[in-house]
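Student: Structure here, sequence nowhere to be found:
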């Protein structure tokens, strides 16, 4: 049983949240667009029935699942990455959806007015968007996440073992540190439990192997987390 | 058994997707912030453990669920609003998450650079954001949704009966028609199956009763779907 993951082959992007869960759990998959290119992915994307709107999507045995939170929930239930308890499943999904909201806001900082245009075409608007994001939204999300970590499952978010919530928090912290190193340096002092999750995920054997491999793409200025120094601040 | 729904009491907003599913299915609930006000909601929102990031959230027997897609998935499984078949459950959730992505883009049109500021403070950026939204993103989403409706479950999206996907599509079409009447008048001709879902949902007994009641708030310029004529176009 090998999953087919389809995602843009040159960026971490939203696909990275799926890659990390698969790698952490040691679930076999092929990163198909990295093998076969974007055109092959576009053909799969458009294929009926039940076509996804956008990558990433995961395929197995004729089942095709899109939307990161949906994919992770499926993997969680099927592979024990999340809890069998209904309340904990709901809670993990709620975490992931809130992480996804922040990820969308991160993307909107460098693409505030036109998703189909380049950053250079909307630099003035991006500069304006960055200020309230760094001053209000980012601290609000991160202190909220930190407040949920009451220590009862430390270092993990839920139930004393890692779940996809933890790998997603890892990616969130890594991405934010790449994109906004100055602001994150200042905020991190007040986020000890989030940082502890980031560190614990990085030390998981499957993740440590992955991060050291060429399967882990570097951050770059085509993805979600982009380092434009002019958008960062202390 | 009566659910407590908590959402901003003066707007449809994201809470409306939950209200419609509850009303359509005849599930008893109290719209608590409309009874007790925003301060009561803020206290509930902040209460530990497992506090939500933002409204809407639903409570029952000590369970508190936030994020629209998460709430609808729970209601769907518990009250038969979505399919018991795992593939159809995943598919309904995928629909909802993609609808949510479009809803977020609708909000970003009138708040492109500062969520915490008024529209009047970002009118120039909003005008710039509206053009690619109306020309590219909105048609892309709507023709995608229309393409999924292959007629096999007509008028419904999945499995020959209404689910929360249909009530959410109803709200989406209603909201878009309110916000962008000129553009929607032009696009609607190519969306017969989406419009048929909108009409079929409006005719459901529970929904017809709800829409005729004072529980249905009117659209206004504090919600997600706002009618600013200067942002619309033919």
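Tutor: Thanks, I have the structure now. Predicted model, so just to flag it, every value in this text is computed and none were measured. Numbers count the residues shown, from 1 in each chain, chains lettered A, B, ... in the order given.
Student: List the buried residues for stretch A:137-147?
Tutor: A:137, A:138, A:139, A:141, A:142, A:145, A:146 (16 or more other Cβ atoms under 10 Å in any protein chain shown). In short, each C-beta sits where N, CA and C put it, glycine included.
Student: pLDDT of that stretch, averaged?
Tutor: On average, the pLDDT along stretch A:137-147 is 98.
Student: and that stretch, how far from the chain's centre?
Tutor: Taking Cα atoms, centre = their mean, to the nearest Å, the mean C-alpha location of stretch A:137-147 is offset from the chain mean by 16 Å.
Student: where does chain A dip in pLDDT?
Tutor: Within chain A, the segments meeting pLDDT under 70 span A:82, A:84.
Student: And the strands in it, which stretches?
Tutor: Applying DSSP state E to chain A gives strands spanning A:3-6, A:29-31, A:57-60, A:63-66.
Student: now the longest helix along chain A against helix B:86-110, angle please.
Tutor: Secondary structure of chain A per DSSP state H: the longest helix is helix A:86-110. Using axes from the mean of the first three to the mean of the last three Cα atoms, to 10 degrees, the direction of helix A:86-110 lies 30 degrees away from that of helix B:86-110.
Student: So which elements touch helix A:86-110?
Tutor: On a contact count with 3 or more Cβ pairs under 8 Å, 6 or more residues apart in numbering or on different chains; DSSP states H and E, helix A:86-110 meets helix A:68-79, helix A:123-132, helix A:138-148, helix A:164-179, strand B:63-66, helix B:68-79, helix B:86-110.
Student: These: which one's closest to residue B:14?
Tutor: Nearest of the helices and strands packed on helix A:86-110 to residue B:14, taken as Cβ to Cβ: helix B:68-79 at 5.2 Å.
Student: May I see the buried residues of the closest one?
Tutor: Those would be B:68, B:69, B:70, B:71, B:72, B:73, B:74, B:75, B:76, B:77, for helix B:68-79 by 16+ other Cβ under 10 Å.
Student: Also stretch A:218-230?
Tutor: Residues of stretch A:218-230 classed as buried by neighbour count (16+ other Cβ under 10 Å): A:219, A:223, A:224, A:225, A:226, A:228.
Student: Between those, which sits nearest chain B?
Tutor: Here the nearest of the buried residues of stretch A:218-230 to chain B, counting by Cβ to the nearest Cβ, is residue A:224; it sits at 14.0 Å.
Student: ok, the residue lying closest to the closest one once chain neighbours are set aside - how many residues close by?
Tutor: The shortest distance from residue A:224 to any non-neighbouring residue, by Cβ to Cβ, 6 or more residues apart in numbering or on different chains, is to residue A:107 (4.9 Å). Using other Cβ atoms under 10 Å in any protein chain shown, residue A:107 is surrounded by 17 other residues.
Student: picking up where we left off before, would you turn the strands of chain A into CSV with distance to chain B and mean neighbour count?
Tutor: CSV is the format used below for the strands of chain A (distance: least, Cβ to the nearest Cβ, whole Å; neighbours: other Cβ atoms under 10 Å in any protein chain shown):
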stretch, distance to chain B, mean neighbour count
strand A:3-6, 14, 21
strand A:29-31, 18, 17
strand A:57-60, 9, 20
strand A:63-66, 6, 21
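Student: can you redo these as TSV with distance to residue A:120?
Tutor: Below are the strands of chain A laid out as TSV (distance: least, Cβ to Cβ, whole Å):
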stretch	distance to residue A:120
strand A:3-6	29
strand A:29-31	30
strand A:57-60	30
strand A:63-66	30
